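Participant: Just the structure for this:
(chains A, B, C and D)
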Protein chains: 4
Amino acid sequence: MKRNIQIEALDQIPLEKQRIELAERKCLGHPDSLADGIAESISQALCKTYLEEFGVVLHHNTDQGEVVAGESAPKFGGGRMIRPIYVLLDGRATKEWNGVKVPADAVAVEAANKYIHKILPDLDLNREIMIDCRLGTGSTDLRDVFKPNQGKAPRSNDTSFGVGHAPFSDVENIILNSANYIDTKLRKKYPAIGQDIKIMGLRDGNTITLTIACAIVDRYCKDIREYSEYMDILREEITAVAKKTSKRKVVVHVNTADDIKKKSVFLTVTGTSAEMGDDGSVGRGNRCNGLITPNRPMSMEATSGKNPINHIGKIYNLLSTQIAQDCVKKVDGIEEMYIRLLSQIGKPIDQPLVASVQVLPASGVKLKDINAEILGIVDDKLANVTEVTEKVIAGKLKTF
Amino acid sequence: MKRNIQIEALDQIPLEKQRIELAERKCLGHPDSLADGIAESISQALCKTYLEEFGVVLHHNTDQGEVVAGESAPKFGGGRMIRPIYVLLDGRATKEWNGVKVPADAVAVEAANKYIHKILPDLDLNREIMIDCRLGTGSTDLRDVFKPNQGKAPRSNDTSFGVGHAPFSDVENIILNSANYIDTKLRKKYPAIGQDIKIMGLRDGNTITLTIACAIVDRYCKDIREYSEYMDILREEITAVAKKTSKRKVVVHVNTADDIKKKSVFLTVTGTSAEMGDDGSVGRGNRCNGLITPNRPMSMEATSGKNPINHIGKIYNLLSTQIAQDCVKKVDGIEEMYIRLLSQIGKPIDQPLVASVQVLPASGVKLKDINAEILGIVDDKLANVTEVTEKVIAGKLKTF
Amino acid sequence: MKRNIQIEALDQIPLEKQRIELAERKCLGHPDSLADGIAESISQALCKTYLEEFGVVLHHNTDQGEVVAGESAPKFGGGRMIRPIYVLLDGRATKEWNGVKVPADAVAVEAANKYIHKILPDLDLNREIMIDCRLGTGSTDLRDVFKPNQGKAPRSNDTSFGVGHAPFSDVENIILNSANYIDTKLRKKYPAIGQDIKIMGLRDGNTITLTIACAIVDRYCKDIREYSEYMDILREEITAVAKKTSKRKVVVHVNTADDIKKKSVFLTVTGTSAEMGDDGSVGRGNRCNGLITPNRPMSMEATSGKNPINHIGKIYNLLSTQIAQDCVKKVDGIEEMYIRLLSQIGKPIDQPLVASVQVLPASGVKLKDINAEILGIVDDKLANVTEVTEKVIAGKLKTF
Amino acid sequence: MKRNIQIEALDQIPLEKQRIELAERKCLGHPDSLADGIAESISQALCKTYLEEFGVVLHHNTDQGEVVAGESAPKFGGGRMIRPIYVLLDGRATKEWNGVKVPADAVAVEAANKYIHKILPDLDLNREIMIDCRLGTGSTDLRDVFKPNQGKAPRSNDTSFGVGHAPFSDVENIILNSANYIDTKLRKKYPAIGQDIKIMGLRDGNTITLTIACAIVDRYCKDIREYSEYMDILREEITAVAKKTSKRKVVVHVNTADDIKKKSVFLTVTGTSAEMGDDGSVGRGNRCNGLITPNRPMSMEATSGKNPINHIGKIYNLLSTQIAQDCVKKVDGIEEMYIRLLSQIGKPIDQPLVASVQVLPASGVKLKDINAEILGIVDDKLANVTEVTEKVIAGKLKTF
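Facilitator: Numbering: from 1, shown residues only, chains lettered A, B, ... in the order given. Here you go, the predicted structure:
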């Protein structure tokens, strides 16, 4: 069946040329990101359990959950948790299949513990966090059991949509590169740099201002002087990353709410503000491209934790982002591109009700010249939609 | 101090003329909306308590919470709940002020019960729902205590932003009018029409397709025939509302996932899918204009439950929407308008870091002709930002 | 089959003639009694539900549960709850029978709410208490489904025992009569008298000292003077009850921990100390005769909440108490009597492994003269053991 | 001040000569014992924390808590948990002292995790159990802060009592020795022997019947034949222990509810029935002498988890048992002995309202001949009551 792919040209000022642009990323240890990561890790663990036991992925949606802040008493050189963080796991999973009980709750609790330990190695699982699980059961729709490598597209669980764009703007790239640099390089060198980091970028004309809030882990920071040094290091290192990414002027502010004199600073015991006063929820933070981009179309759907078989709120958000990035990479002449995939409940997910493609051609390029090429990519990506499912199960796609 | 208001003209195809437009509303009984409504009702109740006892509004943020689905056995003529819905209340509130204990937890639990009863009158509070409260405490920032009618702007709690647009498109208006019509008129006539309704609108060129999922309350619906009649009524009534709103062709689908023959339909005991299998979270549903609009800039911040004193994620989202609507109402020649207000932590909220105003002038209008008028309105609205706070406390502004 | 009933004479100093005797009652609003009452009300509600739907009582044991104290700010004239009481319901129930779902959780939550409201009418269910339910499922043993009026004895669930004694001593009678007088008469006249009352009785020779801790409800008590008056009233009224019950000297102390001068008194908002600092558990308070009697043999089993079909920890405690009381009433010449019924798992409950009867004959009486009469009563009561089940279901037997 | 110690002779048939005697022990992995052990471990951990930080033990009572069963799928050779066990920690603790926050909740959660791991090493803390903490705060009574080695007796927290007896009867000794033998020797040899063991002893004349319910850990037991072998081993080994303890005839039954043919046996994944269907509570199991003894006077108070400073329900139960055992050890001519210590709220704990001592002298012995010796021991033990506190803090006294 021919797919309903609608390509139209946008006639507008490219984002990079608009006066103001905002973007933001909540890094891995931010309470909302913790909630997202836990939800996604549970979904992945369930997928693995289902596959190991039954050879198929069964229905589940764990795109829910709440991280309720604890209480801490951070102190230079090493403070302590006063009251543990509380994490509620909810959502739904198949708990019985062909008469066999599935340990969905045990799997969820274990996945959550493991994920938290991976992200927050300084947090003591036996003392500083409490996990509760209220995972419900959902009605299993037998038709939509997913068998890998079978290629047949499951049916959409809902009438919903996903959106994606490409390429990333300067601001977006700077934020993503900074976050990545801290997580993969800088923290290894300076373990005092916590996991709860929020990077907000504002471009006003050609000046980009990054406002970074970064938790410092108290046991690795002996006093306020050392704390100030970490602020300097972060400012310098992120400025360097930004300069490699963009030619625009970049100003970096770190922990602007600090009052160094009063020693009222962003010091933590565990590296996350969830230890004291900041709750987190699934689906409230980054979109599946890792960013919050109020100048771009966004979906409200939580990508993390949804089942990767037939849940449009997950698959179409991931796929539309992939499509846009693929088109921009392969097709010359695209200044900006927006993909919206709309599903219809009960229809195969490789047949969206409409795939809406908006292209802002580069200066001098006409849509008709690149239309066919784009159409080919979109069509191909949709035909292979189950690749998204497989990559998600394998943990190869980020969802936040 | 002069406000940093940046007005720029957009040169783009107006949304109404783009090929594809999507919008959605989760009505009051949708699990996500329930969570939003509970969160906001708690914030309002806390505001009232603080004002009554201390004459000021104290710090709190109850923009968190989780509705965990129960289990039900709906049946034509009246089924029953099997397992109650579980609601977790979290977030933060000031629990002590000048040595006086504030009954924040009791207030939260009462507000949640009252709100749920208001929205879902068919749900038995003593049997069908369980409310748990894990409200934490936050550090009270004395500077930002809010005294009504004092006019002095509190300081921003965060570096964050709000976004708003006007006017509503055809699709947006149809969705809002339909929701409003059902909630204020149709349900009174037909109590079988539940509170959990999702209205999704897709405009493809000049055809608007509404896909409505509407819970039916079993005790008011005696059999499948009567159920089908309600489907017809909803289709007809919403079609009529849509026709009054727009000249475009409108097609209405109701409960497309139903299988009438198998009697597998959207029948509920209480009017919400939270009774069986659908969880809900604060901040995952409608933006503060009542809609989810992936073709428009959106903020990821939950508006509901945040404190209305200094929380930018609430105030600037509400205010930017108000500004846009006010401009469109008062200034001739605006085709479309987008407002983004960006705060800086610690600065007075009537002085945003930047107020970015994007105007798509109507055909034949130039921005410079209406620039001053717009500037005046934006400036005035910012000057009177505390009016937003007062209206929120009085329950006069919707947040979702 | 002949029952194994062993009757032996005790040759000991009767309790009434021993120097020291202790006994205690935790009245209905004491946190432990609240837990017991909730547990028993759930069991009764489940029995009714099972009978209505299936004509039989299905397996359940709800002899578990925890009342976690809230926080309150009592004040003469009327204070308020700060943080609600939290109640955890657990234990086990049959949730599905012949393919039909049983609303065990909803029934439990409703029963708990109703019971709490009955006992603590001044407590606002929507603001001052939170109920959570974690009722599990147990393996249904089909053989032991109970059909009323069928007379056939179910099989014992466990190897366990029950104990009972008669008659009540002076101290025991005074405590029971006092509690009953307050609950049925005094509180109606003086609603300030709360439900959380602990009555401890010590007999030292011929002097009985009652130490009463009685919560006062603040809204009905305007100041410390009125509070003191209630202390006087309680002292006088209980002294009068005691004098009607016993000829011994009785001294009554009320709220001895009070410091009237410092206004540090047992004042409450709701009538129970569970509102502030006192947790309660099932099975930690009174035995099924309404008392804690360290001078008497006691069973550690919680009677409340256990299923009345085949749970020895409930049935044999109730039955042994009934047998002892019946014997003492009908047979002349019993000074004291102790019954111990020991079950064997899997055997019919009307055939205990051993029914041990210890009799302290009255002065001048020999066991052999009353042996046959006692044997007849014990045998008859065992033969009609299912009457206990029926009375429990009908709410006609107290369990704490 | 002279202590009010009342010694009276009992003139009764010694328990060992009565026809029927019952006693029971719930071993360490029984759900009720788990709850007791967790409660006591939390109290000990809090004591240590308070002492380390402030040099004194602060007020707390953690004699509450609920173990809610999970769900498991045991299988010969190794099954798995389906749903984790849920543990609620409650009670009260001092959370702030002289302006310093005490990590009471974190300490409680850690103590619970550590204790569970110690008792149930086969249970995976990260997958098979969820711990929740709702520890409240109590009013700190400054007078009763306990400083070790200071010797001054704190004041009684309540009008309450403790009871104890000595010596242990044959049945009691057999039960205690069997439990001890399994826990210290047999399990090391046979790890298949789980921790959840209930030993009930019935003496009928000179025949003692032990009914043992013992969980088997599935990963160490490959099939039903091996299971049967373990039953034989337990029977033989316990019979041997019993024979060393008593000259009476002993019959041992193990897991009488098993149906070997149907393979319906007491097989577990973790060694405790809390994994599937059996909840547990603090204070519902053994008294502080490790036994449930319905033929002996018992206290209903939970010893475990109560603070060891001034909580009579703990201190007097432990002390009265110690006194009785000490007297029997040191004084010749005591056949049986019962101690009851009654406190008065607010009075020093070394000055009970009355210490009631009941002595059944051995044949040929008169009370007056041993009265002085007993008095001396009782008085001395009361004078040194704080030794109990110190031993409890040091973990040297068992409480269940």
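
Participant: Can you pull out the low-pLDDT segments for the stretch 251-400 of chain A?
Facilitator: The model of the stretch 251-400 of chain A has no residue with pLDDT under 70.

Participant: and it, which of its residues are near chain B?
Facilitator: Contact residues, the stretch 251-400 of chain A versus chain B (CB under 8 Å from any CB of the partner chain): A:256-257, A:277, A:279, A:281-285, A:287, A:292, A:294-300, A:302, A:340, A:342, A:344-346, A:353-354, A:356, A:358. Heads up, the C-betas are built off the backbone N, CA and C, glycines and all.

Participant: and those residues near chain C, which?
Facilitator: With CB under 8 Å from any CB as the criterion, these include none near chain C.

Participant: Would you quantify the distance from A:Gln6 to A:Ser356?
Facilitator: 5 Å (CB to CB, to the nearest Å).

Participant: Okay, helices next: where are they in the stretch 101-250 of chain A?
Facilitator: Listed in chain order, the helices of the stretch 101-250 of chain A (DSSP state H, counting those that start in this stretch) span residues A:104-119, A:170-181, A:187-189, A:224-245.

Participant: With mean neighbour count and distance to chain D as added columns, please give those helices in TSV.
Facilitator: Formatted as TSV, these follow (neighbours: other CB atoms under 10 Å in any protein chain shown; distance: least, CB to the nearest CB, whole Å):
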stretch	mean neighbour count	distance to chain D
helix A:104-119	23	4
helix A:170-181	22	28
helix A:187-189	12	24
helix A:224-245	17	21
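
Participant: Including distance to D:Arg225 and mean pLDDT, could these go into JSON lines?
Facilitator: Formatted as JSON lines, the helices of the stretch 101-250 of chain A follow (distance: least, CB to CB, whole Å; pLDDT from 0 to 100):
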{"stretch": "helix A:104-119", "distance to D:Arg225": "29", "mean pLDDT": "98"}
{"stretch": "helix A:170-181", "distance to D:Arg225": "58", "mean pLDDT": "98"}
{"stretch": "helix A:187-189", "distance to D:Arg225": "55", "mean pLDDT": "98"}
{"stretch": "helix A:224-245", "distance to D:Arg225": "64", "mean pLDDT": "98"}
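
Participant: Out of the ones you listed, the one nearest chain C is which?
Facilitator: helix A:104-119 (12.2 Å; CB to the nearest CB).

Participant: Can you read off the backbone torsions of A:Pro348?
Facilitator: The phi/psi pair for A:Pro348 (degrees, to the nearest 10) reads phi -60, psi 140.

Participant: Same check on A:Lys2?
Facilitator: phi -70, psi 140.

Participant: can you tell me how far it sits from C:Lys185?
Facilitator: Distance from A:Lys2 to C:Lys185, by CB to CB: 85 Å.

Participant: same check, this time on A:Leu135
Facilitator: According to CB to CB, A:Leu135 stands 51 Å off from C:Lys185.

Participant: So these two - more neighbours on which side?
Facilitator: Neighbour count, other CB atoms under 10 Å in any protein chain shown: between A:Leu135 and C:Lys185, A:Leu135 has more, with 25 against 12.
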